[in-house]
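Peer 1: here you go, sequence then predicted model.
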Amino acid sequence: MRAQSIAVATTLVGLVTLSACAGQSNTGGDGESGTEVAEGDSGTVSFRSWSPIEQTTMQMIEATEASTGAEIDATIFNYPEYIVDLQTRAGSGTLADVVGLQPGALTQQYRENLMPLQDCAEQTWGADWQDQFYPIGLDQARMGNPDGDDNFYALPLLTQTVNLWANSEILDEAGLEPPQTWDELTAAVDTLGEGSAVPFLLPAQDSWLRNVVFLQIANNVSPGTVYEAESGEIPWTDPRIVEAIGWWERLFTDGIAQEGAISLDAYPSGANQFEAGEAAMIPLGAWWIQQSDPSRESIPPLAEGMAGFEPFLFPTIPGGATEPQFVGGIDVALGISANASDPDLACAVLTDWIAGDGAQVLINTFNDIPAVTGVSPQEFTSEKQEEIWGLFVDEWLPQVEYSRYFEDPDIDKAVADALAAVATGEATPEEAAQSIQDAQDARR
Amino acid sequence: MSIAARDRLASVAFLLPTLGLFGVFVVYPIVFNVQASFLDWNGVTEGTTVGLSNYSTLWQDPIFRTTLRNSALWIPLTILPQAAIGFLLALALNGPLRGRSIYRALFFIPAVLSPVVIGIVWQRILDPSTGVLAQASRETGLGWLQTGVLADPQTAIFGVIAVNIWTWTGFSMLFYLAGLQLIDKNLLEAATIDGANPWQATWRITLPLLRNTHLSLLMLGVIGALKTFELIYVLTQAGPNNATQMLPTYAFEQAFRLQSVGYAGAISVVLVVLAVGTSLGMTRVFGSGFLSGADR
């Protein structure tokens, strides 16, 4: 009996001790709690992220350790595991010194745990440091900051456009050029439908892909309108947004997308099929150029120097903008923990990866487009690869005006769910728009 | 100190490591989730107490209702076919069949494969445009093979359930094989001498003697159904349009994608209540001995 009492008492004491943990914050240096120093010894910078991939990160580390003298302890996760790790570590005050972030909600959630980076940037690159970044990257780095807070809690490492890619060989065989208008798109799909390849492979299982395709359509229908709806200036039921959802619906009802598009994921299934030459067109983004990374162990013939691929913008929509709009933003950004054991060293590592020796190694792998101008791969494996690179860095990215992200994750989900409902015939464009508006109203 | 007191102390000392682990890995997460479920909290910054608001929101949330419906479908539609097919396979492979070890291994392989691999492979098989079945359909003219089961919100959950049955039937088979080998052969011989045909011997002797196996599989099936995550995450990402959303996938989405740890806590509490309630209910109805093989 006494033993039982002791056991029960021990358990209760344990429970009381352990409880009251949920709901507490572990904020940065100025906070009352969570003043533990981030993991890692002095001279060591810890880094956790989902991107770049591990092999590339290890090459970057080698270069950056040589140039900064830091010892870098990196852990690369798959994205779902990473966001669990990030949240858990932020909650327990053990955030890594340098962390991978995405703009908007994923940065804002950790704002109190992150160090403002503008001083670090200015000390490294000078007072005009912002001039070297693509404007969309800097805009998005502060996306969601409270009014009056102009701090940069993250700086972009890689940027991208979202766009379409064509299989040049399939289009050439059919005597087609990448479609520039909706009518050309439907005509191309009709022509290509006679072949064995899927004309327009839409891997719409992924919510992010549904959203970026929709944003391209919506901005081609009425540039910028969708962001006005997000900020509450106009309702989501605005006729221009309903029309944009209607054009999304036509991808499915007019037979442009392949059958069962809503059940195909972009990675690995969609990407594998496109790389294998089983599809003529696919919506992805600038990062597809990484398929031609010369350090890959084996490169499929189509991807060798981008021989078989070419990027193009989402076709214009009848009655919409006369030119395709540029949509894009940050691929991955980096932040520094407010509790970093050596903030100056962490700053040296972060800036080296963005625009130093580490960045050069990263860009040599064609992982994506750098956040800063003036960093190019040291070696191109074909003229076509160099042309495509030039198109992205010189022509498209400087023109990107519209974000590929929504600020609020609830709106992001509401849009993705609404698009899925339309794609599966469970909702009309009007009902879908209303469901997004309902989600926005619920947030308020 | 008396011997009795020393014995009591020793027993407490032996219990402490288990109690400690139980407290840290079972009790603490439950307490944490219960506490979080009363908060509006993103998991990082200071939470705000909202009372029962997360629970009241739950009952109005159509996606949450979908998760409950899917769990209600998942439990019988996976457990019964898995048990039935597993039992028939076990019966077939318990006899003097040539190459039965190879067959046993083949049927069990899906159970040891990663759900990620299974999800990717089945997505490629079922894809109605370029999948293996779609290509077979084109080659053979059998149109019904070209199924968009995962693309239709009305059928997607059944597609995932079918893949789950394929994955875990070998596991049921193994359980039944172990159970069959524990049955005293004299009982079956006596039944045969008394005139029982194979069907009667199976129905009247073998099946009742496998009671503990049935119940163990039922318990494991219910727990497995309630914690289903990886297969859905890879195969459908809980879509299309949340049609295959289950309690764990929805809790994950709320906690880590939508940054609503408080709401995810409420979902998790419902999950815990369902799991504990089901386990206690089964123990109450069938007795606690079925897992250990002891009499009721």
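Peer 2: Structure received. As the structure is a prediction and not an experimental result, all values here were calculated from the model.
Peer 1: can you give me the helices in the stretch 151-300 of chain A?
Peer 2: All helices of the stretch 151-300 of chain A, identified by DSSP state H, counting those that start in this stretch, fall at A:168-173, A:182-192, A:207-221, A:225-230, A:239-253, A:271-275.
Peer 1: now A:Glu194: phi and psi?
Peer 2: phi -80, psi -20 (degrees, to the nearest 10).
Peer 1: next, the contact list for residue 224, please.
Peer 2: Reading this off chain A. Taking Cβ atoms under 8 Å, 6 or more residues apart in numbering or on different chains, we find A:Gly224 in contact with A:Glu401, A:Tyr402. For every residue, glycine as well, the C-beta is placed using N, CA and C.
Peer 1: chain B was what I was after
Peer 2: Applying Cβ under 8 Å, 6+ apart to B:Gly224 gives the contacts B:Thr78, B:Trp168.
Peer 1: sorry, back to before: so of the helices of the stretch 151-300 of chain A, which one's packed in deepest?
Peer 2: Comparing the helices of the stretch 151-300 of chain A by mean neighbour count (mean count of other Cβ atoms under 10 Å in any protein chain shown), helix A:207-221 ranks first with a mean of 24.
Peer 1: quick one: A:Ile336 is in a strand?
Peer 2: Yes. Under DSSP: H, G, I helix; E, B strand; the rest coil, A:Ile336 falls within a strand.
Peer 1: test my guess that it contacts A:Gly100.
Peer 2: No. Taking contacts as Cβ atoms under 8 Å, A:Ile336 lies outside contact range of A:Gly100: 11.6 Å.
Peer 1: tell me which of those two has more neighbours.
Peer 2: With neighbours defined as other Cβ atoms under 10 Å in any protein chain shown, A:Ile336 and A:Gly100 compare such that A:Ile336 has more, 28 against 24.
Peer 1: list the beta-bridge partners for that one.
Peer 2: Following DSSP bridges, A:Ile336 is listed with bridge partners A:Val98.
Peer 1: can you tell me the SS state at the residue in chain A positioned nearest to chain B?
Peer 2: Relative to chain B, the nearest point of chain A is A:Gly23 (3.1 Å; Cβ to the nearest Cβ). Per three-state DSSP, the local secondary structure of A:Gly23 is coil.
Peer 1: count of neighbours near it?
Peer 2: 22.
Peer 1: that one: what's its closest spatial neighbour, skipping adjacent residues?
Peer 2: Counting by Cβ to Cβ, 6 or more residues apart in numbering or on different chains, A:Gly23 lies nearest to B:Gly47, which is 3.1 Å off, once chain neighbours are set aside.
Peer 1: now do the strands in the chain.
Peer 2: The chain I'm using is chain A. Here chain A has its strands, by DSSP state E, at A:44-49, A:71-76, A:98-101, A:155-167, A:198-200, A:279-285, A:309-312, A:327-336, A:369-370, A:402-403.
Peer 1: switch to chain B, please.
Peer 2: Under DSSP E, chain B gives strands at B:39-40, B:48-49.
Peer 1: please name whichever of those strands is nearest to chain A.
Peer 2: Across the strands of chain B, closest to chain A is strand B:39-40 (Cβ to the nearest Cβ), at 4.5 Å.
Peer 1: helices of the stretch 301-444 of chain A, start to end?
Peer 2: A:343-355, A:357-364, A:383-390, A:409-423, A:429-443.
Peer 1: check the stretch 51-200 of chain B too.
Peer 2: Assigned by DSSP H, counting those that start in this stretch, the helices in the stretch 51-200 of chain B fall at B:53-60, B:62-94, B:100-112, B:115-126, B:132-140, B:156-182, B:185-193, B:198-200.
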